[in-house]
Each structure stands twice: as C-alpha cells, then as structure tokens.
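Trainee: give me a model of this one.
(one chain, ligands or ions: 1)
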Amino acid sequence: AARASTIATHDDVDDAAPPAATHPSVIDVNPPRGTRDFLPDDMRLRNWLFQHFREVSRLLSFEEVDFPVLESEALFIRKAGEEITQQLYNFEDKGGRRVVLRPEITPSLARVVIKQGKSVSLPLKWFTIGQCWRYERMTRGRRREHYQWNMDILGVSRVRAEAELIHALVILFERLGITSVDVGIRISSRKVLQAVLQTYSIPEHLFTEVFVIVDKLGKFTREEIEKELVSVGVPLDAVKGLVEVLSFKSLARLEDVLGPNVEAVADLKQLFSMAEHYGYSQWIQFDASVVRGLAYYTGIVFEAFDKEGKLRAICGGGRYDRLLSTFGTDDIPACGFGFGDAVIMELLKEKGLVPDLIRQVDDIVFPLDVELEGPASKIVASLRQKGRSVDLVEDKRLKWVFKHAERINAGRLILVGNSEWQRGMVRVKILSTREEYEIKVDELD
Ligand SMILES: OCc1cccc(Br)n1
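Mentor: Alright, predicted model coming up:
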C-alpha cells in the first residue's frame, strides 16, 4: 500500500495534467498518455517492420532523409478544418516560439525542398520513418503518437509516380505475408469530385473544405455529411450529385457520367493500365468514395484497407501538386504516402503473421572463479573483435548460467575454469547439439 501510494497511476480518463509532483519520489511509471514504451520484444518487432520499410524503399531506389519531430506551428496552420490540424500537439517554447510536435511529415519535406530552391535535383525520391503526434482528448483513449513511413516523389507529373508508390505498398504487403485476399488498395482522384463540383458551378475555394467533409463519410452518417456540406455553401442538388458519384465503384460508370475527356478519368485509366504491367492489378480497385482527409491532395488518392473491414485504413497517400505554392514558392508536382506502425501490426496479429523474434546471442563467457575474470574479459574482447555477440556473465551459480544460456538462445557457452586455463584451454558447450569440448584459447573464433 505504501508503495502504491508513492506511484501515481493515471486511471482517470480526463485530460487534465496531474498536479506537478509535490515530492521527488512521486513519479508516474507509465509513459505519458497516448504514448508507448518499446521494451526489447516490442523493439525487435518494430525494428523488423522498419527494416521491411527500409528494404522496400531501397528496392524503389529511394533515399532516406530525416526531419525534426519539433516544427514551427506555422507549417501546419491550414484553414480546411482537417482533423490533423485540429489536434495539433502545439505549444510555446521558452523562446516564445509557437511550435508543434509534427502531426505528419510532408510539410517538413516541402520546407526542406523550398530551402534547397533551384538546387534541388528532380525527380526526388525520399523516404523517412518518423514519429508523428496528435493531441487528442484522451476520453477516446487513442494513441497520441505513432511512427510513420513516408515515401514521396517530387518532380514527376505523370501518374507514374502514383504507380510506383502503389508498387512499394504491394511489395511491402507481400513481404509481410499479406495477400490481396487480406488487403485491397482503394484508388480515386480528387479530380473526380472537382469535376462534379464544377458541373454545379461550385466556387473553387470551397473544394478543399468539401473534400475534408466528404472524407468523414464512414465516420459520420450520410445525413450529417450532407448537412455539413450544405452548411459550407454547397446547394442541396450539388450535394445529392456528389453523394451519387461517391458511390461509384466502376471507372466505366464514372466515364459514362463525367464523359471520356475528363482528366480524372484519363488519369485513373492510365494508372490502372500501368498496374497491369507491374502485375498488381489484383490489389487495386477504383472507389470514388476515397478522398483522404488531407487538404492539400490535388489528384489521385489511395488508401489500403483490410477486406474484413475490422480496422482503420492501413496507410494512405496521394498527389499534392500545389503544396509548395501554399508556402509561397513555385509548385513542384508531388506525390506521397504515409504508412503508420500501428494498424499494420493489428492486421498482422489478426492474420497470425507476427514473427516470433527471439533474443539471440552468439556466446556466453563465464569465469568459474573470480581470479579468472581477467582472462575471461580477454576472451570476450577477442570474440567481440571477431564480430561475435558475447554476454559476459559473472557472480552467478553455474546452474543459473545454463538456464540463462537457454533463455537468451546462446549459440555457445564458454567456461573459463582453472584446470583448463592452466593448460591454455577453455571448455566450450554448443547449446544446440549439447556437444562439449576443450579448445586452445587462441583457436577460439
Ligand atoms: O494518422 C493520424 C495521426 C497523426 C499523428 C499521430 C497519430 Br497516433 N495519428
């Protein structure tokens, strides 16, 4: 009871911060609300996933970059009412600067490309894996941080960029053991809705707001969406027309309604044709209801989803040809996606595809007597020099050491004992075969 009283827990769900610690001993051993600790087992899994992200990026000849988690708040102030900008993890730093823990990575990429100015060489193909944050009222108990793999192509205006990024997604899923039976990639284009809005002469300045509202379909009822659309100035007939087109799942149907010369239809037909050549057609489907929730998308948008419909979108992305001009500089055609580390892990668990990543070590070295610790350390140094991972164990009973060797899946147990050492030897036990032998110290490798 005494111990419990000194360690606060945060079982309360309200969002107020706990009172500042009154005594140095009062610490909350949990990580801050909505964040995670990664202990060795978790870290092995995270590194396994990130290694796949990196390997797929390498296969597509992307270069790795990194940006600060801390960014100027100004980079993320957008007026379209997106969830991501309404949940900024923002604050004022000690210098009075308005800063945020970044909620996404693309604006940082834009900032760096702008900084490079004319010296940026195109096409640019960059990827990064970085932690992103949101400040969401914990009443919903959701996470406040996740790691996101981002791949972006700048300087390619044709839908080849989208086709390449979708290829990356397909390769990643296949590497994880996920098939097109488990996951699909829904594809549409913001130009579809744009074409519909234009037929109703909706002013262009409303487009972004409409996209952000329409993206909430699925989270809100159709009536709520229609009401919100009307509230931002979309006449009811246009709302009905929009909702009608949003239900389209066939490109042919879309072409019938919009006509063959609409850019949206041409882009999508080209992308689906490219998919044939890559051999990943079975992974993708046209779905006009895909808009994605980021204000700056201007063209093709896509998201991967689990076909059992149990999880939130696995990843999402699209074309954003006019992001740079919103920061006051010349536009560069751009396309990218963000792929979070959480939903994919939920999917792998669902599918029984989470690998069993055990701790492993090559050697355990154990001096049987305290005066053999020096020789044992010499052996350890030599083995590590040869690139072997070595666990030097001391102050333990031999019985414990044998159990420990099993526990950490050691390859060999090297016992440094007096009688052997006098003859320049050590005793080696191969854990997998139980084979035991003596060997000259300088022949140990
Ligand atoms: O994908 C939206 C998002 C952004 C930042 C942090 C988290 Br958790 N989720």
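
Trainee: residue 56 is in contact with residue 175, isn't it?
Mentor: Yes: between residue 56 and residue 175 there is a contact under CB atoms under 8 Å: 6.9 Å. C-beta: built from backbone N, CA, C; applies to glycine.

Trainee: so these two - more neighbours on which side?
Mentor: residue 56 (23 against 14; other CB atoms under 10 Å).

Trainee: show me what contacts the more buried one?
Mentor: Residues in contact with residue 56, defined by CB atoms under 8 Å, 6 or more residues apart in numbering, are 168, 171-172, 175.

Trainee: 10 Å - rerun?
Mentor: With contacts defined as CB atoms under 10 Å, 6 or more residues apart in numbering, the neighbours of residue 56 are 62, 127, 149, 151, 167-175, 339.

Trainee: SS state for it?
Mentor: Secondary structure assignment for residue 56 (DSSP: H, G, I helix; E, B strand; the rest coil): helix.

Trainee: tell me the pLDDT at it?
Mentor: Predicted confidence (pLDDT) for residue 56: 99.

Trainee: same check, this time on the one 10 residues further on
Mentor: Note for residue 66: predicted pLDDT of 98.

Trainee: and for the one 3 residues further on?
Mentor: pLDDT recorded at residue 69 is 98.

Trainee: one more: residue 17?
Mentor: pLDDT recorded at residue 17 is 69.

Trainee: if we can go back for a sec, in helices, which of the contacts of residue 56 appear?
Mentor: Per DSSP state H, helices hold the following members of the contacts of residue 56: 167-175.

Trainee: report the two of the residues you listed separated the most.
Mentor: Pairwise distances across these peak at 12.5 Å for 167 and 175 (criterion: CB to CB).

Trainee: shared neighbours of these two, which are they?
Mentor: Shared contacts of residue 167 and residue 175 (CB under 10 Å, 6+ apart): 56, 59.

Trainee: residues from the stretch 1-150 of the chain in reach of the ligand?
Mentor: Listed as neighbours of the ligand in the stretch 1-150 of the chain under the rule CB under 6 Å from any ligand atom: 103, 132-134, 143-146.

Trainee: ok, 8 Å please
Mentor: Proximity of the stretch 1-150 of the chain to the ligand (CB under 8 Å from any ligand atom) is limited to residues 34, 83-84, 87, 103-104, 132-134, 136, 142-146, 148.

Trainee: in ChimeraX, select just the buried ones from the residues you listed.
Mentor: Buried residues within these, by 16 or more other CB atoms under 10 Å, are selected in ChimeraX with:
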select :34,84,87,103,104,132,133,134,136,144,145,146,148
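
Trainee: show me the shaky parts of this protein.
Mentor: The chain contains residues with pLDDT under 70 at 1-24, 138-139.

Trainee: let's see that with 80 instead.
Mentor: For the chain, applying pLDDT under 80 flags the ranges 1-25, 137-141, 218.

Trainee: where do the strands of the stretch 51-200 of the chain begin and end?
Mentor: When secondary structure is read from DSSP state E, counting those that start in this stretch, the stretch 51-200 of the chain shows strands at 63-64, 70-72, 89-92, 98-101, 124-133, 145-154, 183-189.

Trainee: for the ligand, what's its nearest residue on the stretch 151-300 of the chain.
Mentor: residue 293 (8.8 Å; CB to the nearest ligand atom).
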